[in-house]
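Trainee: just need the structure, nothing else, for what follows:
(one chain, ligands or ions: 1)
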Amino acid sequence: MKAILSLEDVIRQAVSGDAYRDIHPDVIRRVCETENRKGFKGRELVKAIRGRLHQIGGAYLPSSLDPELFRDSLSGLPRDLSDPILQAYCRKKMEIHASTRERLPHIERFFHEVLEGLPPVRSVLDLACGLTPLSLPWMSLHPKAVYTAVDMYRQMTECLQVFFEHTGFYGQALAADILTFPINRQYDVIFLLKTLPCLEQQGKGCASTLVDRLPSTTIILSYPLRTLGGSRKGLGATYEADFIRLAHDRFTEIKRYEFPNELVFRVKKP
Ligand SMILES: C[S@@+](CC[C@H](N)C(=O)[O-])C[C@H]1O[C@@H](n2cnc3c(N)ncnc32)[C@H](O)[C@@H]1O
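Mentor: Below is the predicted model of the structure:
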């Protein structure tokens, strides 16, 4: 006779592999509940949960990052963000995450263009940040800016915190589910870089629900122009249409930028 698994058993089984242990429990529980509502049962449900967690995170970050190793590798390196040795270190580390890796060839131009013309940026909220905070050397924020970075990977955010502490930059990296993370203060700029498609994979309407929760501010949001496998598959047209639907009645002062792998919009949420 087959044992009937409770949702708690399923959650335990689904996250028993190394690849899932580091993900914030709020994300795991929500993904489990969403997949459960689709009618999957037992092993099929475990498979569906793991597949979804891989699609939204594991596919970008193939191995977990160790904060102690990160600390060791930084010790002895310059602390100044403009130092080429520290910049070379940041570039090397950003290769680990598929999303920052594909931005590296044009990282200087990317941040220069998308931030150009804004008043001095004193606070940033980076939602589903990946390793983007390691791009700080190229961001030209106000020297006393505060940077809040949020992602579902606990060890990765601890590594980012180690980086902030090493450079003396006033930053805070937190592990959380960005769909429920409380956003209760103002930020000069909010980054949603390649985040919205990832949220839609977690449930239809999740992207717009998050955007509607954001305070009025400048938002820099982007979409990938290639799949992780390298195919373009008409992604540009699909995401441009997604953006137009999202922007309707929500955004003003829309600016569009196109980079080799990324379509970016800088918008004002009134
Ligand atoms: C496509 S990557 C983008 C990373 C980064 N913003 C960039 O542009 O390089 C998506 C990121 O979203 C994170 N993520 C996905 N769903 C999340 C959630 N619900 N809460 C927090 N982080 C999430 C993943 O861990 C991954 O780092």
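Trainee: doesn't Ala173 make contact with Gln161?
Mentor: Yes - applying C-beta atoms under 8 Å, one finds Gln161 in contact with Ala173, separated by 4.5 Å. For glycine as for every other residue, the C-beta is placed from the backbone atoms N, C-alpha and C.
Trainee: for the stretch 101-250 of the chain, which segments count as helices?
Mentor: Under the criterion DSSP state H, counting those that start in this stretch, the stretch 101-250 of the chain carries helices at the ranges 107-115, 154-167, 196-200, 206-213, 235-247.
Trainee: using CSV, write out the CA atom coordinates for the shortest one.
Mentor: Below are the C-alpha coordinates for helix 196-200, written out as CSV (Å, rounded to 0.1, in the frame of the first residue of the first chain):
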residue,chain,number,x,y,z
LEU,A,196,9.8,39.8,-13.5
PRO,A,197,9.9,36.8,-15.8
CYS,A,198,11.2,34.7,-12.9
LEU,A,199,8.3,35.9,-10.8
GLU,A,200,5.7,35.0,-13.5
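Trainee: in that helix, which residues are buried?
Mentor: Leu196, Pro197, Cys198, Leu199 (16 or more other C-beta atoms under 10 Å).
Trainee: pull the residues that contact that helix.
Mentor: If you take C-beta atoms under 8 Å, 6 or more residues apart in numbering as the criterion, helix 196-200 is touched by 56, 128, 178-179, 206-207, 210-211, 221, 223-224, 239, 242, 246.
Trainee: the longest one now?
Mentor: With contacts defined as C-beta under 8 Å, 6+ apart, helix 154-167 is touched by 22-24, 61, 64-67, 70-71, 74, 77, 79-81, 86, 97, 129-131, 133-134, 136, 147, 149-151, 170-175.
Trainee: hmm, try it at 7 Å
Mentor: 22, 24, 61, 64-67, 70-71, 74, 79, 81, 133-134, 149, 151, 171, 173-175 (C-beta atoms under 7 Å, 6 or more residues apart in numbering).
Trainee: which residue packs closest to the residue most central in space within the chain, ignoring adjacent ones?
Mentor: By C-alpha atoms, centre = their mean, the chain has its centre lying nearest to Ala128, at 2.3 Å. Spatial nearest neighbour of Ala128, excluding adjacent residues (C-beta to C-beta, 6 or more residues apart in numbering): Thr195 at 4.1 Å.
Trainee: likewise Ile49?
Mentor: Spatial nearest neighbour of Ile49, excluding adjacent residues (C-beta to C-beta, 6+ apart): Ala14 at 4.1 Å.
Trainee: how far away is that neighbour from Arg21?
Mentor: As judged by C-beta to C-beta, to the nearest Å, Ala14 and Arg21 stand 11 Å apart.
Trainee: same check on Leu179?
Mentor: Leu179 sits 20 Å away from Arg21, going by C-beta to C-beta.
Trainee: compare the two (neighbour count), which wins?
Mentor: A direct count of neighbours by other C-beta atoms under 10 Å for Leu179 and Arg21 places Leu179 higher, at 19 against 12.
Trainee: about what we covered before: which of the contacts of helix 154-167 are buried?
Mentor: 22, 24, 61, 64-65, 67, 70, 74, 81, 133-134, 149, 151, 171, 173-175.
Trainee: please list which of those residues also come close to the ligand.
Mentor: Among the buried ones among the contacts of helix 154-167, proximity to the ligand is found for Asp151 (C-beta under 6 Å from any ligand atom).
Trainee: which of the buried ones among the contacts of helix 154-167 fall in strands?
Mentor: Judged by DSSP state E, the subset of those located in strands is Ala149, Asp151, Gly171, Ala173, Leu174, Ala175.
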